[in-house]
Structure formats: C-alpha cells, structure tokens
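>>> heads up, no residue letters with this:
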C-alpha cells in the first residue's frame, strides 16, 4: 500500500554558518537535536510543548502517522450476524395490509378472459389473504416483512 503523505512538509535544518566561531560550534551541537517535523504538525497542532520532553520522544509523539490504541482490539468476536436476503420474486407477489395480514392476488386473471364472465373477473381482481398455514413459507422468503401473526 503506497503512502500518500508528502515528505515536502518535513522541515530541513537551517544551513550551518561557515566559520570556526562559537556560533558555528553551537549550531553544529544543536543540529542533532533539531525536530524532524515543522513547528506545526501535518494536522496543524503545535509541537513546541512536545519538543520540550526529549527530541526522540517528541518525534514519536508528534508524528501524524503515530498509531493510537484502538478500543476495537479489546472486542475480538463481536461480529454481526448474517444479513438475510429478500426473495425478490416473492416481494413482488405479496403485500402486507395495515393490520399486518399478508395478501396476494388470485390466480386466473392473466389470459383467456373472454370466456370468463364479469362477475368472475371482478372476483379474481380482488386481493385475498394468504392462508395461515403458508405464513411460514412467505415469511421465510421475506424475512423483513412486518407480519402480525395474530391478525384474523
């Protein structure tokens, strides 16, 4: 996995003064204690308070890539259960009424309607309640259906 963090934000130490004076010696001595990150970290937090501890501890604590302890590591086996799938063909054939009954269409209203009289066609157009003995089959295919098993 490639890191997208640019190293252009890392502060480079100032150039050392040329010469043998006390300023050059002090600058060489401080070069080893320079911070690896700028005065503000990658996320904008000031690092001055962290740098006062020690240079090595400051670089570790101030790193924006520092790994924080995760509370998820304490819970090992807390996975979710299986997400049941709706049988889509059944979802198109069954509906639930306001009182929680499962209803379906009557068979025999698709074709050959010329030989059926008006009264029969009208009766076949109406929805009818699914038999209670078939509720287990329907609810197995439609696990998230809001069914009232006590409805009459």
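Arrived safely. Predicted model, so just to flag it, every value in this text is computed and none were measured.
>>> can you give the domain ranges for the protein?
Dividing the chain into domains by automatic domain parsing, as the record does, gives the ranges 17-64, 88-141.
>>> any idea of the mean pLDDT for the helix or strand harbouring residue 89?
Under DSSP states H and E, the secondary-structure element containing residue 89 is helix 88-93. Predicted confidence along helix 88-93 averages 97 (mean pLDDT).
>>> which other residues reach it?
Identification of contacts with helix 88-93 by Cβ atoms under 8 Å, 6 or more residues apart in numbering yields 104, 105, 138, 141, 142. The C-beta positions use only the backbone N, C-alpha and C, and glycine is treated the same way.
>>> could you do stretch 130-139 as well?
Taking contacts as Cβ under 8 Å, 6+ apart, the residues outside stretch 130-139 that touch it are 90, 94, 101, 102, 103, 104, 145, 147, 149.
>>> give me that answer again for 7 Å
For stretch 130-139, the surrounding residues in contact (Cβ atoms under 7 Å, 6 or more residues apart in numbering) are 90, 94, 102, 103, 104, 145, 147, 149.
>>> pull the number of nearby residues for residue 137.
When neighbours are defined as other Cβ atoms under 10 Å, residue 137 has 12 of them.
>>> with residue 91 instead?
13.
>>> so how far is residue 81 from it?
21 Å (Cβ to Cβ, to the nearest Å).
>>> could you do residue 120 as well?
Here residue 120 is placed at a distance of 47 Å from residue 81 (Cβ to Cβ).
>>> picking up where we left off before, which ones among the contacts of helix 88-93 lie within strands?
104, 105 (DSSP state E).
>>> related to what we said a few turns ago, between residue 120 and residue 81, which is the more surrounded one?
A count of neighbours by other Cβ under 10 Å puts residue 120 above the other of residue 120 and residue 81, at 13 against 5.
>>> quick check: neighbours of the helix or strand just after the helix holding residue 89 in the sheet, parallel or antiparallel?
Reading on from helix 88-93 to the C-terminus, the next helix or strand found by DSSP H and E is strand 95-96. In the sheet, strand 95-96 lines up against strand 102-105 (antiparallel) (DSSP bridges).
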